[in-house]
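Peer 1: Sequence unavailable; structure follows:
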């Protein structure tokens, strides 16, 4: 308890910049040594004058106040000196000395934890993808980690909760400070199904300057970061770069080429900083050998074998739904040269989708092309507007190309 008191005293000093607390501990050897250092030693440090005065204040009132608030609110505290402190965070150059939490205490080093990040001003496409990936990751047994802001964070958490999974939100203020206010219900749901975590003591107001530092914890607790939808200069891109610096994997969902909300995500794919993914399975495959005891198979796709239909009682004929295969003549016609500019695999997949709608697994079976390359080809064809997605993750041709007189189409 004595070590905890000194860490709380140090981390609650006014004028304490990010990284300064760890630098002081490394300089003196421990928070206790910082507390008992000769005040003259503070003058030798390159730190603000206000912080030097704060270090000379040996009152433990702030530490006792934090402990009292944690007891009152039912929060737990874990420090970098505790055996339960995540080893993943110990790897960080600027690790949080103290973490406050509400809910479960996860053994993060044993969890397949995946961060989901993205813009607050998400599009309907981004919102649906965040919920879909969050739900699928949670259903498979992954631990979904995010912030709790509006937009992608909220949709990712909502999807994971709908999938019956466990979730963790890392906050940019005290755990008792709900931000944004309209997410009060989400705070409660996350705390009940997982945990709320912060490096800021109770009562700390949320400030924009806190988020870049909070982001290093989101990526640090996880094995990989999924960028769902992010602009070029968004906090999600900052989190992804933290992840790259920390040696974590980065994944990205591609978005429309002309959508500013997807510019950052698309750019990271283009620069090779993020791996393009189309489904949660693309992420889970990276870790299935390391976490066989954690992962559960996702619900299998509908069987492609024909099933015998039950006999229907006599009665009036039911109207048949319209065919999902539009008449070929109704499709826009594009120059043959644009088809020939595609790669061989894209051409083969397009020809199959021109006959009937297919799911990616069926394309893999028909072509023998690996699933990852099929998914990439589908992404590129859809981005060009050559194919469209139907319910049930089926795809069909959205255009047709001019006939080749010698070979036909």
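Peer 2: Noted; the coordinates are in hand. None of the values given here were measured: they were computed from a predicted structure.
Peer 1: Quick check: pLDDT value at residue 137.
Peer 2: pLDDT for residue 137: 96.
Peer 1: where does it fall, helix, sheet strand or coil?
Peer 2: Under DSSP: H, G, I helix; E, B strand; the rest coil, residue 137 falls in the helix class.
Peer 1: Look up the closest residue to it, ignoring the ones flanking it.
Peer 2: residue 280 (4.9 Å; CB to CB, 6 or more residues apart in numbering). Every residue, glycine included, has its C-beta placed from N, CA and C.
Peer 1: any idea how far that neighbour is from residue 38?
Peer 2: 56 Å (CB to CB, to the nearest Å).
Peer 1: now the helices for the stretch 201-350 of the chain?
Peer 2: 211-220, 235-245, 263-270, 280-284, 336-340, 344-353 (DSSP state H, counting those that start in this stretch).
Peer 1: hey, least reliable of the ones you listed by pLDDT?
Peer 2: helix 336-340 (a mean of 85).
Peer 1: Need the contact partners of that one.
Peer 2: With contacts defined as CB atoms under 8 Å, 6 or more residues apart in numbering, helix 336-340 is touched by 347, 350, 401-404.
Peer 1: Any chance of JSON lines for these, columns neighbour count and distance to residue 5?
Peer 2: Below are these laid out as JSON lines (neighbours: other CB atoms under 10 Å; distance: CB to CB, whole Å):
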{"residue": "347", "neighbour count": "16", "distance to residue 5": "69"}
{"residue": "350", "neighbour count": "23", "distance to residue 5": "67"}
{"residue": "401", "neighbour count": "23", "distance to residue 5": "73"}
{"residue": "402", "neighbour count": "13", "distance to residue 5": "78"}
{"residue": "403", "neighbour count": "11", "distance to residue 5": "81"}
{"residue": "404", "neighbour count": "11", "distance to residue 5": "80"}
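Peer 1: quick one on the thing from earlier: okay, residue 280 and residue 38: which has more neighbours?
Peer 2: residue 280 (23 against 8; other CB atoms under 10 Å).
Peer 1: hey, where'd the strands end up in the stretch 1-150 of the chain?
Peer 2: 76-79, 98-103, 113-117, 143-146 (DSSP state E, counting those that start in this stretch).
Peer 1: tell me what the longest one is packed against?
Peer 2: Other helices and strands packing on strand 98-103, by 3 or more CB pairs under 8 Å, 6 or more residues apart in numbering; DSSP states H and E, are helix 2-11, strand 76-79, helix 184-193, strand 195-198.
Peer 1: Flag the shaky bits of the stretch 151-300 of the chain, pLDDT-wise.
Peer 2: 298-300 (pLDDT under 70).
Peer 1: one more time with 90, if that's ok
Peer 2: 164-165, 180, 208-209, 212, 231-235, 256-259, 288-289, 292-300 (pLDDT under 90).
Peer 1: From residue 253, how far out is the residue nearest to residue 137?
Peer 2: From residue 280 to residue 253 the distance is 10 Å (CB to CB).
Peer 1: Find the residues that touch each one of the two.
Peer 2: residue 133.
Peer 1: among the helices of the stretch 201-350 of the chain, which is nearest residue 200?
Peer 2: Distance to residue 200, taken as CB to CB, is lowest for helix 211-220 among the helices of the stretch 201-350 of the chain, at 8.6 Å.
Peer 1: buried stuff in that closest one?
Peer 2: 211, 213-220 (16 or more other CB atoms under 10 Å).
Peer 1: now the angle from that helix to helix 235-245?
Peer 2: Helix 211-220 runs at 50 degrees relative to helix 235-245, counting by axes from the mean of the first three to the mean of the last three CA atoms, to 10 degrees.
Peer 1: Remind me what helix 211-220 packs against, helices and strands.
Peer 2: Using 3+ CB pairs under 8 Å, 6+ apart, helix 211-220 sits against helix 87-90, strand 113-117, strand 167-170, helix 235-245.
Peer 1: Those: which one's closest to residue 55?
Peer 2: Closest to residue 55 of these is helix 87-90 (CB to CB; 24.8 Å).
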